[in-house]
Structure formats: structure tokens, C-alpha cells
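Asker: Show me how the following folds:
(2 chains)
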Amino acid sequence: MDSETLQGKQVVLLVATRKGAWLYQADSGRNHWRVDGPHFLGHIINHLVLDPRDGRTLLAAASTGHLGPTIFRSHDLGKTWLEAARPPAFGPAVNGLPARSVAHTFWLAPGPDDERDMWYAGTSPQGLFRSEDGGANWAPFSVINDDPQYREWMGSVQDGTPDGPKLHSIIIDPRDARHIYFAMSGGGVHESLDGGDSFTPLVDGMEVVEGFDTTTITFHDPHCVRLCPSNPDRLYQQNHCGIYRLDRPSRRWQRIGRGMPAEVGDIGFPMVLHPRNDDTAWVFPMDGTDVWPRTSPGGKPAVYCTRDGGDTWHRHDSGMPREQAWWTVKRQAMCADTEPQIGLYFGTTSGELWASRDEGRQWQCIARHLPEIYAVEAASMG
Amino acid sequence: MKVLIPSALQSYTGKAWVEAEGATLGDVLAGLDRQYPGIRFRMVDEQGTIRRHIRFFHCDQMARELSHPLDSVRPLLIVQALSGG
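Answerer: Residues are numbered from 1 along each chain as shown, chains lettered A, B, ... in the order given. The predicted model follows:
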């Protein structure tokens, strides 16, 4: 594939890696992909997101091995980039709590449709930030960053994931911008009904590692939470301890991963939802036994799909290696497009980008030899 | 004083050597940030801590604190130490 300037309105995959970002633009049949990149070669890009409100603005969460974190934005589909004047940064120490510094921004989420310049960001260590000017200036959002109870639930760096504890899965209810969800690894799922003035935990029904107390919020490790675009009262979650579904107004998560094959289990990172059918979802299971290898169980990668809200699951591995493929797919590295027949995509930490044009039944590798892939977002751009 | 900018930060300055004034390391970095907005935060975090792989040298000494005094005769060298890979 040649590196060319992106044009037209097609599916574009926004690939964020440990060494830069790439954009892959599909032809109309999603048969061929044209690569644009690298952008930010050598920079650690944790997330690259297209603003769905204008279809042109890109935000990239960036850092390098040497330098502190920042956010870049582009208003011309990546031709030029502007750095945030004030990236996410914690305030001074308050409430007798130790001061913290943002290691990196992990998660970017556009604000509601009628707030065109609003963006949310989740950081490592866990922090929630908001920009009201399109990503140029960021400020701590809500009370949680410095709330003693929330700080206890966040735990310390030692309690977090290997490359730092994270705040992720920032979800704005499309019907009510004051209804906000977020999740923390570790630290549970949380909900606000008052625009972020206050949050409460939403962990009933979620399991924790055996031997630990489910009532202790800090032990909860949601890996990825998604809200159904076609039904904002339904959420799905891939957790350290299983796959869950929540149907509001209930506050109790149902573990729907019990129907997965026992030899595969229901542990993984990503959670992908159908844009128009709230009973359909996909996961990428990874080995969660003994020392938690977090690789495809048995070295045989597969996507699993439910079409009945999690009652039953079906294996999709056609086109993937049959053995000796020890893939890891991170929580932001699998997604769906919104085409009439849904396309699915995932990127591996070994630098391969895979695509399916038929909702996961058949897979093909569309790029390899990339750096470690952190995130893959599908967008309609142009 | 002359300040040597490491390659990782030359996207801000456009060149390796720049001029900045100040009696301390913190003053010089603040001056750099006025000229090149955002550059300080890439080297010093929001709590005033020098980031892990950034080093400052002046008069053959490593400046470990923002209060480190500088003279205007000798250059300040900013180095990106370790990391990569």
C-alpha cells in the first residue's frame, strides 16, 4: 500500500501504537486499505479518535519515553497537528492526599452532540479531565480526582495494570449529557446523574479475584465498558472476572460469560457492540488462568459473538491462524464500523491489524509489522 | 544564555540552540515556555518534578532541582537520558 493523502468518505481505521499512529482508509468494498502514516513516529500514542460531530477533527493522546504527556489535535484529517496549550494535569495536593502527576492520557471521548467543543479524557493514574474548547485546554473534571474516597478506591500505582492504573470507558448518555459513566482499572464502574457533580459506584453483581471482598470497590477491575448505541439502557462489560451485561434501571450486572466454552473462558480486554442491535456483541477471549498470560487460549485466536444478549456465544476464527498464535488484544484495540454489514477490526500487541467485512465470520490480516498496537478505532471520515 | 535543546523537543524550537534568560533552572524553563508554549510541561510535571528521563547540565554539573542557580555565561544543556527501545 502506498502512503497517500486521505480523501473521500470511507471507513478509516485509526491505529494508535507504542511507536506512532497510522490511518488505514478502506475502498468502498473494504477490500483494500490505503495507509497514511506514520504520524508521530516514535511517540507513544495511547488513543487516536475522530470527532464524530464534524468527521474531520482528530485528537491523539501522546507521550514519549522521555517527555511528559500531551494531546495533539488536527482539523485537517492529520495533515497538520496542533499541541494542546494545557494538557491534562492534576492540581496541587489537597485534602491531605499525595499530589499526583499525569503519566499519560489513556482514553479520549467526545462530548455530547450539542456541545461541539467538549471532550473528556481519562488518564493514568486515574483522573478525569474535560476540555470545552476542542482539546486545546484541559482541566480536572468532577470531584473524583481529589476526593479521599475515590482516591482510596483508585489504590496506588502498585494496584494498577502493568503500565499504570487507568481511568477509561468514559460514556456520555446520548439522551442526557448529565448522565455519565466511567470505569477504572482498578477501581470499579461509576455513574453520575448530575453532570459529574457526584459519582456513585455501579458494581453490584461484578465479581472480583477469588478470596477478595466484592464490596471493596478497589478490587473491581472492569477492562472495558460499552453502552449500546441502539439502546442506551443497556451496557456490556468485559471485566478481569468475566463478561457482564447491565439493563437499566437495574443496578446489578449479570455475568453473561458463563456460556463461553470452559476451555476458552470469559476473560479478555475489549468489548465491542453492534451499532444497531443491542443483543449482538463481540469479545476477544484471552487466557486468564494461573499467571494470567493474556494470550489467545491455547494459541488459537478467535472472536466470540453473541446474538442473544449473552445467552449463547459462537466462535469466529475463519482466516486466523489455527495454532501457535499467542495474541494479545488490548481494551481499545478492537472495534466495529457502522456499515450495513458490520465490519470488525482488531490490532494485536505483535503489530498485526485484522479485519472482517461480515461481522466476524471471515477474517483477513490487512497490516503487519506495526509496533505494539494500543488502540484501533473505526470511523467514517471525509 | 544559550540552551541546547534535545532532538525530542526541537519540534517546539525548530533548532538545537536557543536563547533564554533566568537566574535559576526554573526561571530559564519558564522563559523557554513563554517562547515555546508547552515545552516546559514535557520536561517538568504539574507538581514541579523533573521528569524521569530528562537531565539538565550546567557548568559540568547536573542540575537536579528547579532552584539550581545558573550563570548566563555557560550554556544549559538539556539531555534526553535513557529510555527509547
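Asker: Tell me who's in contact with A:A183.
Answerer: A:167-169, A:189-190, A:222, A:224-225, A:237 (Cβ atoms under 8 Å, 6 or more residues apart in numbering or on different chains). For glycine as for every other residue, the C-beta is placed from the backbone atoms N, C-alpha and C.
Asker: Ignore what I typed, I meant B:A8.
Answerer: Applying Cβ under 8 Å, 6+ apart, the residues near B:A8 are A:64, A:66-67, B:42, B:80.
Asker: Which single one of those is nearest to A:S296?
Answerer: A:T64 (30.4 Å; Cβ to Cβ).
Asker: Minimum pLDDT in the contacts of B:A8, which residue is that?
Answerer: Ranked by pLDDT, these bottom out at A:H66 (82).
Asker: circling back to that earlier point, make TSV from the contacts of A:A183 and add secondary structure and pLDDT to it.
Answerer: As requested, the contacts of A:A183 are exported to TSV (DSSP: H, G, I helix; E, B strand; the rest coil; pLDDT from 0 to 100):
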residue	secondary structure	pLDDT
A:L167	strand	97
A:H168	strand	98
A:S169	strand	98
A:V189	strand	98
A:H190	strand	98
A:P222	strand	97
A:C224	strand	98
A:V225	strand	98
A:Q237	strand	98
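Asker: Could you restrict these to the ones contacting chain B?
Answerer: Among the contacts of A:A183, no residue is within reach of chain B (Cβ under 8 Å from any Cβ of the partner chain).
Asker: Nearest to A:G127, out of those residues: which one, please.
Answerer: A:L167 (6.0 Å).
Asker: Just confirm that closest one contacts A:Y120, I think it does.
Answerer: No. Using Cβ atoms under 8 Å, A:L167 is not in contact with A:Y120; the gap is 9.8 Å.
Asker: Low-confidence stretches in chain B?
Answerer: B:82-85 (pLDDT under 70).
Asker: how far is stretch B:45-62 from where the chain is centred?
Answerer: Its chain's C-alpha centre and that of stretch B:45-62 lie 7 Å apart, by Cα atoms, centre = their mean, to the nearest Å.
Asker: Could you do stretch B:74-84 as well?
Answerer: Distance, centroid of stretch B:74-84 to centroid of chain: 8 Å (Cα atoms, centre = their mean).
Asker: Next: stretch B:24-42.
Answerer: The answer for stretch B:24-42 is 7 Å, by Cα atoms, centre = their mean.
Asker: wait, does the longest helix along chain B make contact with chain A?
Answerer: The residue-count maximum for a helix in chain B (DSSP state H) belongs to helix B:25-35. No. Using Cβ under 8 Å from any Cβ, helix B:25-35 never reaches chain A; the gap is at least 10.9 Å.
Asker: Just after that helix, pick out the following helix or strand.
Answerer: helix B:39-43 (DSSP states H and E).
Asker: so what's A:A61 closest to, chain neighbours aside?
Answerer: A:T105 (3.8 Å; Cβ to Cβ, 6 or more residues apart in numbering or on different chains).
Asker: Pull the contacting residues for the one you found.
Answerer: By Cβ under 8 Å, 6+ apart, the contact set of A:T105 is A:46-47, A:61, A:63, A:69, A:71, A:87-88, A:121-124, A:129.
Asker: Tell me what it is bridged to.
Answerer: Bridge pairing for A:T105 (DSSP bridges) gives the partners A:T123.
Asker: got the residues of chain B near chain A?
Answerer: B:6, B:8-9, B:37-38, B:41-47, B:49, B:51, B:53-54, B:80-85.
Asker: go again using 6 Å as the cut-off
Answerer: Residues of chain B lying near chain A by Cβ under 6 Å from any Cβ of the partner chain: B:8, B:38, B:41-42, B:45-47, B:51, B:53, B:80, B:83-84.
Asker: can you tell me which of these are in helices?
Answerer: Those of the residues of chain B next to chain A mapping onto helices are B:41-42, per DSSP H.
Asker: Quick check on the residues of chain B next to chain A: which are buried?
Answerer: With burial judged by 16 or more other Cβ atoms under 10 Å in any protein chain shown, the buried subset of these is B:8, B:38, B:41-42, B:45-46, B:51, B:53, B:80.
Asker: Go through the contacts of A:A183 and say which is closest to A:R322.
Answerer: Among the contacts of A:A183, A:C224 lies closest to A:R322 (Cβ to Cβ), at 27.0 Å.
Asker: contacting residues around the closest one?
Answerer: A:169, A:238, A:270-271, A:331 (Cβ atoms under 6 Å, 6 or more residues apart in numbering or on different chains).
Asker: Show me which of these is closest to A:P92.
Answerer: For these, the nearest to A:P92 is A:S169 (27.8 Å; Cβ to Cβ).
Asker: ok, the closest one touching A:L227?
Answerer: No. Using Cβ atoms under 6 Å, A:S169 makes no contact with A:L227, being 9.1 Å away.
Asker: who's more crowded, those two?
Answerer: Neighbour comparison, A:S169 and A:L227: the larger count goes to A:S169, with 27 against 21 (by other Cβ atoms under 10 Å in any protein chain shown).
Asker: how much space is there between that one and A:C224?
Answerer: Remark: distance between A:S169 and A:C224 (Cβ to Cβ, to the nearest Å) = 6 Å.
Asker: Which of the contacts of B:A8 fall in strands?
Answerer: With DSSP state E as the criterion, strands contain B:Q80 from among the contacts of B:A8.
Asker: just curious, which of the contacts of B:A8 is nearest to A:S185?
Answerer: When those are compared against A:S185 (criterion: Cβ to Cβ), the nearest one is A:T64, at 23.1 Å.
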